Every structure is written in structure tokens, then in C-alpha cells.
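Undergrad: below: sequence and its predicted model.
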Amino acid sequence: MVDQQTGTRKVTLRALHIPEAVTVGALAERMHVEPVAVIKQLMRAGIFANINQVVDFETAAVTARTFGFAARRPEESKSNGAAVAEAPQAAAEDLAKLKERPPVVTILGHVDHGKTTLLDAIRKANVAAKEAGGITQHIGAYQVDYKGHPITFLDTPGHEAFTAMRARGAQVTDAAILVVAANDGVMPQTIEAINHIKAAKVPIVVAINKMDTVDADPDRVRRQLSEHDLVVETWGGDVIDVECSAKTGKGLDDVLESILVVSEVAELRANPDRPASGVVVEARLDKSRGPAATVLIQNGTLHLGDHVVVGTVRGKVKALTSDSGRRLRSAGPSTPVELLGLSELPQAGDKLNAAADERSAREMQAEHQRAAEARRARGLTLEEFGSRKSAGQVKELNLVIKTDVQGSIDAIRHAVEQLGTEQTQVRILHAATGSVTESDVLLAAASQAIIVGFNAKPEPGARRIAEQDGVDIREYGIIYRLVEDMQAAIAGMLEPVVKDVVEGKAEVRQVFELKKGRTVAGSYVLDGQLSRGALGRVLRGGKQVHDGPIAGLRRFKDDVREVKAGYECGITLEGFDAFQVGDIIEAHRQQKGS
Ligand code: GDP
């Protein structure tokens, strides 16, 4: 934009009414520009303000001018005040307690492109003054202070760790730095990293590293990135790119500034004034101190002495240590902290919650246990997608595609992308040649995607995790079969094949009355076996009179899981008490098959 006073070009500035004080966000809204553009403009003027920060009229006026507006004070306005209405007031009281919190950043990229070097260089260059000279601890995450703005880095670079946490239901990262070596360019793991970040919907800053090398070619990197739908700002896109060298330290400040820009747009806020919640980043067993967990506090504040539940483990906070080895009394939002006081070792990705007292900690523990159960099968099969689609619960079919040759990727991409309808988008999260890897399965689990292996088999480890997490790996050798299945799923017509398997039969020999009208069928197992969790079909004279879950199985006074042929037992069925001597109870299960 042109400044009128420079006189280089005559421009007409549009009038803009601005109050004496205005937030950056509201100013951007009035000018109909992106908040990030305003933040950047302020940065150029040496003012570091986030989207919620208030700037005065003078500052706002200077900024507005660069966007082609002439600022007017409220009293200069002839309007009835509508144009100067302030930003909407925070509605709920809780909103008023929200405070800005530091961003949490992960570094991803191809091996040897400089992730670790960059992490170390950033840490060394930005230790908070009061902590300089302290003993750095590698606890899995650290916080730096960049010109008064704290930034938290996760210390385990790489997309596997990043997606493994997501697969466990923990979204911890606010922004990702994608490191690409300028002398090497975009590599397979760069592409994987891009796709993992995109699937997580996390903003990216591209760090074009190793700019000190003689064969550095940053434009090649930009071109290669654009081929993977990542167009950087230098090329007119919306992803910030920064040239740097982790070795010489050049450009590192720009990397950090960019992180602040993207995180300010994201309006990262938390309420420090409530019991803490967070997530385990790393955990290790220390010989002398017992289980030590690095926890990233996501909301609230954790205090010494707090009762906590971490994963399914309960404990009381005995010690809190910062990444620089300082003993802390408390830790607020976005702070990584090492915690002592747990009786068992938690796992990375486990959730932490502080409780007011031991009783609520117990209740919370039960809640965590239920959540852990529910998470056990996070994946989605194509059949499940089909039925959820019919129920209107999903709108996107996410796919991870692995093939034997590059040519097949293009053919499959073309074929499946055409299957998208107005109601259902087909999103290819990642497509590459090679076998189906653990990283593919984690990505699918974290994003509820289906894996398509086209002449590509899963690696043994990948198959194991897929079974554990309920991820569907579908193998095909002919494109039209693949297309047919996807099409049926999208149309909500892919019926799961359900087989009814009879597991055993018992005959009712005596009926016992219990309290409250309930009855037990004293029975003899004729063949197979009866087990809890199966369904019990009651047949009388060859006709079915009831079908429902087996609620209880007893041998003498003991509850048992199963009873085999040739034994007597007491059977109770859910919702059925009208047993008659001579009834046959058939135990059966619905099994999904193909
Ligand atoms: P990672 O596998 O991505 O963590 O990569 P590393 O940080 O281990 O770096 C791999 C190699 O590249 C090491 O030998 C580093 O010293 C070197 N390296 C990292 N950053 C730079 C850089 O900016 N310039 C140069 N010349 N070398 C670098």
C-alpha cells in the first residue's frame, strides 16, 4: 500500500472509524483483512501485539493507513455510533478468566535435515536470562523465552511421535516447524511430515535450513513444496517460509517470530485459575526417584501436593522440576514440567487431571479407565464408515494409500477423488509407494482413515498395531474393485457381512426364583459352550421365544465366564425370566466377516 504522505502516488484513502482503543482482531475485522496481516504490519513497526491485544488510536491509525484507510476518531464520526461498536463482550464468566498461553511447537522433517540441531540451537540462543547457567535437563520438552514471549518445544522431533500422540487422543501441538534442508530438497519423509501435519490441521512454518551450504537452493525447495500443495508466502501462498541455518544461527529469530505470528492468529488461551489438565510427553523410571513423567500442562495450574490422575494411575505431586532443573511450586498452561509422585509409570499421550481431593481423584480415575477402554479401538473400518455415513455422522472418507509403483498412485487418486459427492468428500491424507508402515497405521488411527494397500502389503509391526487399534487395511490388486468398495461405502450401501455363529446349547432342567421376580435357569450344557458376553436364544418347541445377552453364568455359588458341554450351570438372561423346564438356550454371537 502507498502512504499518501510520501506523495509517490496519489491514492484515495477510505475513511475508517476507530475507537480510542481497539483490539488487533477488531481492527482487522473493520478493514476486512486477515488479523495476521495486521499483526505482521505491527511487527514491521516494531510492535508485538497478538490478536486480542488492544492498541491505541494512534497506532491503529498508522497501521490502517498502510491498508488504505484514513482513521477517524469516534467524535469525528457523524454516524450514530454503530460504526464504532466495540468488540462483543465476553459472554461467559469463564471466558473472562482465559489468558494467553505460549504456543507448543513440534519440529518435523526428513532425517538429517537438521531437526535436532535446530532444536538445540534455538534452546541455547534463547534461555531465559534468569536460567542461564542452570543445568539443562532433557525432559522431553522445553520452553524458551523469545523477547519476552515464551515458546514451548517438544523435544522428540519427527512425525511418528507427533501422530502417535494424536492416535492416543492427545492433540498437544499448536504449530509445526517443517525443516527442509536447502541442499537436499523435499524428501519422502518431508512429504510424510506434511501430510501428517495437514491431517492434524496444525499451522506450519517452513524452515528452509542449511542455507550456509554452498549448494543451498531454496527456490527448488519452494517449487517442490508447491508440488505437494504447500505454497509458501514467498511464492504468494499462505504458509510462512523462512531461510535459516541451524549451524550458524542465521534466520532462527525469523523462525521464532513466525511461530509467534501463526500462534497469535490461533488465539491460544487457557484458564490458569483452575485445576490442571495436561498430557504426558515422556515417562521414565528413575532408579532412585521412581516413575518420572514429563507433563505438558494444557489448562489450569498444577501445584505441589495436588492429587492427580495420570492415565489410569493415581498419585500426589511430590516434586515439579522445570526443563532447566529448577524446582517449581506450580506450573501453568503450556509449561512442560517433570512430575514425581506417581506409583506407576504412565505412557506418553496419557492425560493428566488434577483433583480437589482424594475422593474426586478416585472418581476421575474411574473416568480415565472408561475413556481408555473406549479408546481401545479408535480406528474405523470401511463398513463402519458406510453405516455412519448412512446415519449422517461422517462427511469425509479419509484414505491413506500405499502402492507398489508411482503410476498406481496417480490412477487411484484420480479414480477415488471422483467418487466424492456433495455430501461426502474423499480426502487422501497420504499416498506413497512402499509397504504399509506403522506410521501409516498411526496416521489412520489418529484421523479415522482407511488404509488402501494396492499391491502393497502391511509390514508385520503395522499389521499388529492395526489389529490393536481397529484400523482397516484393505488390500487390492485391481483398481475397479477398490473403486467399487469405496463407492458402495460412500453411498452408504456397503453392508457389513455379519455371520451368526452358534457356540453352544443348554437345556433348562429346573427354574429357580430369585428376588424381584428374576429367575435363573438351572441348565445342562448339551454341546459347545456357553459364555458371558454371548447372546442367549431361548427356543421352546423349536420356536424362538427370546433372544438377548447372557447376563450371568454360575457354577454352584461362583460366577464363571464360561461353561462347557457336560456341566450344569445357572443361567440368567437380560430382560427375560419366563423360563420353562425343557427350553433350549442357544448361545450365539454376531461375527463380522468378509
Ligand atoms: P535430524 O536428523 O533432522 O535431527 O538432523 P540433525 O540435526 O541430526 O542434523 C544432521 C546433520 O546436518 C548434522 O551433521 C548437523 O550438524 C547438520 N546440520 C544441521 N543443520 C545444519 C545447517 O544449518 N547447516 C549445515 N551446514 N549443517 C547442518
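TA: That came through, no problem. Residues are numbered from 1 along each chain as shown.

Undergrad: OK, contacts around the closest residue to Asn455 other than its chain neighbours?
TA: Computed as Cβ to Cβ, 6 or more residues apart in numbering, the closest residue to Asn455 that is not its neighbour in sequence is Asp404, at 4.0 Å. C-beta here means a position set from N, CA and C on the backbone, and glycine is covered the same way. By Cβ atoms under 8 Å, 6 or more residues apart in numbering, the contact set of Asp404 is 433, 454-456.

Undergrad: kindly report the same for Pro346.
TA: 280, 283, 291, 293, 310-311, 313 are the contacts of Pro346 under Cβ under 8 Å, 6+ apart.

Undergrad: give me the sheet partners of the strand or helix carrying Gly341 and which way each runs.
TA: Assessed by DSSP states H and E, Gly341 sits inside strand 336-342. Applying DSSP bridges to the sheet, strand 336-342 is found paired with strand 290-299 (antiparallel), strand 313-321 (antiparallel).

Undergrad: check which element follows the shortest one along the chain.
TA: Downstream of strand 313-321, the first helix or strand assigned by DSSP H and E is strand 327-328.

Undergrad: distance of Asp547 relative to Arg326?
TA: In this structure, Asp547 and Arg326 are 64 Å apart, going by Cβ to Cβ, to the nearest Å.

Undergrad: mind checking the SS state of whatever residue of the stretch 351-500 of the chain ends up closest to the ligand?
TA: Closest residue of the stretch 351-500 of the chain to the ligand, Cβ to the nearest ligand atom: Ser439 (15.6 Å). Put simply, Ser439 is helix when judged by DSSP: H, G, I helix; E, B strand; the rest coil.

Undergrad: please apply the same query to Leu482.
TA: helix.

Undergrad: Ala164 now?
TA: Ala164 is classified as helix under three-state DSSP.

Undergrad: how about Ser439, nearest residue that isn't a chain neighbour?
TA: Per Cβ to Cβ, 6+ apart, closest to Ser439 is Glu160, 5.2 Å.

Undergrad: burial count for that neighbour?
TA: Glu160 has 19 neighbours, counted by other Cβ atoms under 10 Å.

Undergrad: contact partners for it?
TA: Counted by Cβ under 8 Å, 6+ apart, Glu160 has contacts 438-439, 442.

Undergrad: quick check: Leu27 is in a helix.
TA: Yes: counting by three-state DSSP, Leu27 falls inside a helix.

Undergrad: helix, strand or coil: sort out the residue nearest to it when sequence neighbours are not counted for me.
TA: Excluding the flanking residues, the one nearest Leu27 by Cβ to Cβ, 6+ apart is Ala60, at 5.4 Å. Secondary structure state of Ala60, per three-state DSSP, is helix.

Undergrad: how close does the closest residue to Ser322 other than its chain neighbours get to the ligand?
TA: Spatial nearest neighbour of Ser322, chain neighbours left out: Leu328 (5.6 Å); criterion: Cβ to Cβ, 6+ apart. Distance of Leu328 to the ligand, given as Cβ to the nearest ligand atom, to the nearest Å: 29 Å.

Undergrad: ditto for Ile191
TA: Taking Cβ to the nearest ligand atom, one finds Ile191 at 15 Å from the ligand.

Undergrad: what of Ala167?
TA: 22 Å.

Undergrad: residues in contact with that residue?
TA: By Cβ under 8 Å, 6+ apart, the neighbours of Ala167 are 349, 378, 442, 445-446, 469.

Undergrad: which one in the residues you listed is the model shakiest on?
TA: Lowest pLDDT of these: Arg378, 66.

Undergrad: spatially nearest residue to Pro248 (excluding sequence neighbours)?
TA: Actually, residue 248 is Thr rather than Pro. Closest to Thr248 by Cβ to Cβ, 6+ apart is Asp212, at 5.0 Å.

Undergrad: burial measure for the one you found, as a count.
TA: By other Cβ under 10 Å, neighbour count at Asp212 equals 16.

Undergrad: check contacts around it.
TA: 245, 247-248, 250.

Undergrad: again with Ile401
TA: 409, 412-413, 428, 430-432, 451-452, 454.

Undergrad: which one of the residues you listed has the most neighbours?
TA: Ile451 (28 neighbours).

Undergrad: how about Gly158: what's its closest non-neighbour residue?
TA: Per Cβ to Cβ, 6+ apart, closest to Gly158 is Leu108, 6.3 Å.

Undergrad: Glu568 versus that neighbour, what's the distance?
TA: Applying Cβ to Cβ to Leu108 and Glu568 gives a distance of 62 Å.

Undergrad: the two: which is more packed in?
TA: More crowded of Leu108 and Glu568, by other Cβ under 10 Å: Leu108, with 27 against 15.

Undergrad: that one contacts Ile197, correct?
TA: Yes: between Leu108 and Ile197 there is a contact under Cβ atoms under 8 Å: 6.5 Å.

Undergrad: bridging residues for Gly536?
TA: Gly548, Ala587.

Undergrad: that one and the ligand: what is the separation?
TA: The value you get for Gly536 to the ligand, if Cβ to the nearest ligand atom is used, is 58 Å.

Undergrad: got the residues of this structure near the ligand?
TA: 109, 111-117, 157, 209-210, 212-213, 245-247 (Cβ under 6 Å from any ligand atom).

Undergrad: closest one to Glu233 out of these, please.
TA: Minimum distance to Glu233 across those is 17.1 Å, recorded for Asn209 (Cβ to Cβ).

Undergrad: quick one: Met150 is in a strand?
TA: For residue 150 the amino acid is Pro, not Met. Yes: assessed with three-state DSSP, Pro150 lies in a strand.

Undergrad: got the contact list for the residue nearest to it when sequence neighbours are not counted?
TA: Distances taken as Cβ to Cβ, 6+ apart place Pro102 nearest to Pro150, at 4.1 Å, with adjacent residues excluded. Counting by Cβ under 8 Å, 6+ apart, Pro102 touches 143, 149-152, 263, 268, 333-334.

Undergrad: mind listing the residues bridging to the residue nearest to Tyr567 when sequence neighbours are not counted?
TA: Leaving aside its chain neighbours, Tyr567 sits nearest to Val525 (5.5 Å; criterion: Cβ to Cβ, 6+ apart). Counting by DSSP bridges, Val525 is bridged to Ala506.

Undergrad: how close does Val525 get to the ligand?
TA: Taken as Cβ to the nearest ligand atom, the span from Val525 to the ligand is 61 Å.

Undergrad: and that residue, what does it touch?
TA: Val525 neighbours (Cβ under 8 Å, 6+ apart): 504-506, 563-569.

Undergrad: most neighbours among the residues you listed, which one?
TA: That'd be Ala506 among those, by other Cβ under 10 Å, with 28 neighbours.

Undergrad: looking at that one now. What's its pLDDT?
TA: 95.

Undergrad: same question for Lys592.
TA: Reading off the model, Lys592 has pLDDT 61.

Undergrad: residues near Gln365, how many?
TA: For Gln365, using other Cβ under 10 Å, the count is 19.

Undergrad: wait, doesn't it sit right on Val310?
TA: No: using Cβ under 8 Å, Gln365 is not in contact with Val310, being 9.6 Å away.

Undergrad: follow-up on the earlier one: which of the residues of the chain next to the ligand fall in strands?
TA: Among these, the members falling in strands (DSSP state E) are 109, 209.

Undergrad: buried ones only from the residues of the chain next to the ligand, please, as a PyMOL command.
TA: To isolate the buried members of the residues of the chain next to the ligand in PyMOL, using 16 or more other Cβ atoms under 10 Å:
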select buried, resi 109+113+114+115+117+157+209+210+212+245+246
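
Undergrad: confidence-wise, which of the residues of the chain next to the ligand comes last?
TA: Lowest in pLDDT among the residues of the chain next to the ligand is Pro157, which has 74.
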